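Colleague: Just the structure for this:
(2 chains)
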Amino acid sequence: MVDTATPAAVVPKREAPACQMGSSQTPVLESPVLEAPLLEVSGLTKHFPVRKGLLRRIQGHVYAVDGVSFTIGAGETLGLVGESGCGKTTVGRTVMRLIEPTAGTIRLVGQDVTRLGKSEFRPYRRQLQIIFQDPFSSLNPRKRAGDIVGEPLKIHEALSRGERHERVAALFERVGLRRAQMDNFPHQFSGGQRQRIGVARALALNPKLIIGDEPVSALDVSIQAQVINLLMDLQRDMKLSYLFISHNLAVVEHISHRIAVMYLGRIVEYTDKVTLFTRPLHPYTEALLAAVPVPDPAIKRVKRVVQGDVPSPLKPPPGCRFHTRCPYAEARCKAEVPALREVERGHHVACHLR
Amino acid sequence: MSLQAAPHPERAEPANKPAEPVLAVENLQTYFYTRTGLVKAVDGVSFALARAATLAIVGESGCGKSVTALSLMRLVADPPGRIVGGAIRLDGVDLLGVDEAAMRDIRGNQISMVFQEPMTSLNPVMTIGRQISEAVILHQRMSHKAALGRAIEMLQLVGIPEPRQRAKEYPHQLSGGMRQRAMIAMALACNPKVLIADEPTSALDVTIQAQILELIAKLQRELGTAVILITHDLGVVAETAERVIVMYAGRKVEEAAVGELFARPLHPYTRGLMNSIPRLALMRREAGAAAQRLQEIPGIVPALSNLPQACTFAPRCAFADDTCRGRFPPYQEKRPDHWAACWHSERITERANG
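Modeller: Below is the predicted model of the structure:
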């Protein structure tokens, strides 16, 4: 394992974050880097077989993810939004190869890692880490917090016990926990602190990309802000990339550079965040934006509530998968699958009518 | 503490609202007697709910909002919980003074409740139609056949397609949004005076949430039910409520009409909550504001056992001084019909405006 960095360099000290109201900061609205993408996913597909009966025959498939493609650059955050059952979590886990994809390729810094064997994949896996939604079930209750955070180091790096202790202590301080808390068990921490432990564990191996699967959804709003700020500070200091999976559009708007909207296993719109929130083109994106409650009673919006439920991913509708709920649907939408087209620079939409 | 928690005198109501509230809660105290000590989950909460009005109770987990709701229904598990003081007057009848048999007549009939997670609050082995008709048979002494007819009528009212068919189905056959509709149908079947909705949409997707909130508002207009909406989502509050109560650590810290509260929050906790959520600035065409750092509320919600006889928010408050740490702030009318419990609300407003 190549690791030349010293612990001090690995874990930059947390500085008092300067107020970033001015324009001196890097323009947040553009992707910071436009070179070869860190992660390139193309045609990613995952169909889960559904087995039934005595012989456990395959009775059908859950079409969880169907031909999803996107890229993430270094230091960039891609927000992946959609409602429950749209396949966003499956995308995250497939990128980590916690679930093997049915088809498609995953490239990490140009290298195709989709079919690598376990040991070949290992050096790549350390560059990918994941933070889970539920800070209560994603930490082993019988382990001390310090051991939880140190476990990736134990597996991937040959360090002495003392070195590892130092690294873990530095990580604790980096995420805003106290060194003395390393000996505590998860139940002794609050929800927000537990999520900080999850972040520290994800940072332990200096990954390039962190997949956050609804990392703040289980937290109270005041605590949510703490964790979002922490993630954004870490990105700025360590040039991390995030695949940020969430159903909360306000949070995604805040943290992402670009956003992909998923509906029933497919990306329906994919663009930078300013375009998405000011000029959404897909009817589903419109519906999503219209449905978010805005915390300002002075704004009285004319609500066009989209009717109906999300269809089952077991039997997704033919053609455009949104046509059953789409107010503009035409005959063509029921028959032909709309391709994800670039309708203007960097703005991809899968809709026949746009 | 009864001193601070004394019910405030009746407000001068606007002319279009009837002066007599349908529900008046006075100095409600619900305590839990646990092994680790006395937990004052609800400590001296008072409010009045006008007919056909919507009152939101906002706060984070552990602030006592759900226990308040359960107390109104007299559903607090005893032991360990007990309502130790106060009065809950529903149309003049003190619910704390009636016996359990009389309460069974009132509960589900005159005051009913919708819970957050519809799957766990519906009986999985009973058809939807029977579950709804059960309440009607019990309270309105209808025949089984007539009650089933009423159930189908209610299912139609809440917008469930093919209500006759759906009434014969079991909860697992319905989607999450449909289950919540069925719950609302059940709660409203006896045409209650007050509906308590405890996080009714928190488990639902945004497009479904918008449908359910619209449904509650529509039924409220048609049936004249008063609604208590318990939520942590300030967006939902801004879009649905007329009046808002903010709770912190078992007490009311602020109360006002929704426009007034969002325009001029007087308690630092309310202000902190509002600043800690991402604002959906892009969607509201406030370019530039999106890059601002979220304001954190430092620390965590205090444990409810052994609260100090002082402002419970002081340890997390930037304005706190010795007064705050020494004495509990009185709950006062700081502006016309705008109440708050804070020693320094004038200073806070000045600083926000200056």
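Colleague: which ones are touching the spatially closest residue to B:L70 that is not a sequence neighbour?
Modeller: Among residues not flanking B:L70 along the chain, B:V76 sits closest, at 4.9 Å (Cβ to Cβ, 6 or more residues apart in numbering or on different chains). Quick note: C-beta positions are derived from backbone N, CA and C, even for glycine. B:V76 sits next to B:30, B:67, B:70, B:82-83 when contact means Cβ atoms under 8 Å, 6 or more residues apart in numbering or on different chains.
Colleague: Just give me the residue closest to the centre of the chain.
Modeller: Going with chain A. Among the residues of chain A, A:F244 comes closest to the average C-alpha position under Cα atoms, centre = their mean, at 2.7 Å.
Colleague: To clarify, I was referring to chain B.
Modeller: B:I230 (2.7 Å).
Colleague: that's a strand at that residue, yeah?
Modeller: Yes - assessed by DSSP: H, G, I helix; E, B strand; the rest coil, B:I230 belongs to a strand.
Colleague: Need the pLDDT of B:A102.
Modeller: B:A102 is assigned 91 on the pLDDT scale.
Colleague: Quick check: which element contains it?
Modeller: If you go by DSSP states H and E, B:A102 is part of helix B:100-106.
Colleague: returning to what we had before: among the contacts of B:V76, which are in helices?
Modeller: Within the contacts of B:V76, residues falling in helices by DSSP state H are B:67, B:70.
Colleague: Which among the contacts of B:V76 count as buried?
Modeller: By neighbour count, with 16 or more other Cβ atoms under 10 Å in any protein chain shown, the contacts of B:V76 hold B:30, B:67, B:70, B:83 as buried.
Colleague: which one's the longest helix in chain B?
Modeller: Max-length helix for chain B by DSSP H is helix B:206-223.
Colleague: Output the contacting helices and strands for that one.
Modeller: When contacts are defined as 3 or more Cβ pairs under 8 Å, 6 or more residues apart in numbering or on different chains; DSSP states H and E, helix B:206-223 sits against helix A:283-291, helix B:176-188, strand B:194-198, strand B:226-231, helix B:234-240.
Colleague: out of those, which comes closest to B:K252?
Modeller: Nearest of these to B:K252, taken as Cβ to Cβ: strand B:226-231 at 13.4 Å.
Colleague: quick one, the closest one and helix B:206-223 angle?
Modeller: 160 degrees (axes from the mean of the first three to the mean of the last three Cα atoms, to 10 degrees).
Colleague: how about the contacts of B:V76 in JSON lines, adding pLDDT?
Modeller: Formatted as JSON lines, these follow (pLDDT from 0 to 100):
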{"residue": "B:T30", "pLDDT": "93"}
{"residue": "B:V67", "pLDDT": "91"}
{"residue": "B:L70", "pLDDT": "91"}
{"residue": "B:R82", "pLDDT": "91"}
{"residue": "B:I83", "pLDDT": "92"}
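Colleague: OK, contacts around residue 96?
Modeller: In the absence of a named chain, chain A is used. A:M96 makes contacts with A:125, A:128, A:130, A:211, as judged by Cβ under 8 Å, 6+ apart.
Colleague: Correction: the question concerned chain B.
Modeller: Counting by Cβ under 8 Å, 6+ apart, B:L96 has contacts B:74, B:83, B:86-88.
Colleague: from those, which would you call buried?
Modeller: By neighbour count, with 16+ other Cβ under 10 Å, the contacts of B:L96 hold B:74, B:83, B:86-88 as buried.
Colleague: For chain B, what's its nearest residue on chain A.
Modeller: Chain B sits closest to A:P293 of chain A, with a gap of 3.1 Å, by Cβ to the nearest Cβ.
Colleague: hang on, B:L138 in a helix?
Modeller: Yes - when classified by three-state DSSP, B:L138 is found to be part of a helix.
Colleague: which parts of the stretch 151-300 of chain A sit against chain B?
Modeller: Contact residues (Cβ under 8 Å from any Cβ of the partner chain) of the stretch 151-300 of chain A with chain B: A:190, A:192-193, A:220-226, A:228-229, A:232, A:247, A:249-251, A:253-254, A:273-274, A:277-278, A:287-299.
Colleague: Just give the number of residues close to whichever residue of chain B sits closest to chain A.
Modeller: Residue nearest to chain A within chain B (Cβ to the nearest Cβ): B:G235, separated by 3.1 Å. Number of residues near B:G235 (other Cβ atoms under 10 Å in any protein chain shown) recorded here: 18.
Colleague: and after the helix or strand harbouring A:M262, which helix or strand comes next?
Modeller: Element membership for A:M262, per DSSP H and E: strand A:258-263. Going down the chain from strand A:258-263, the next helix or strand is strand A:266-272, by DSSP H and E.
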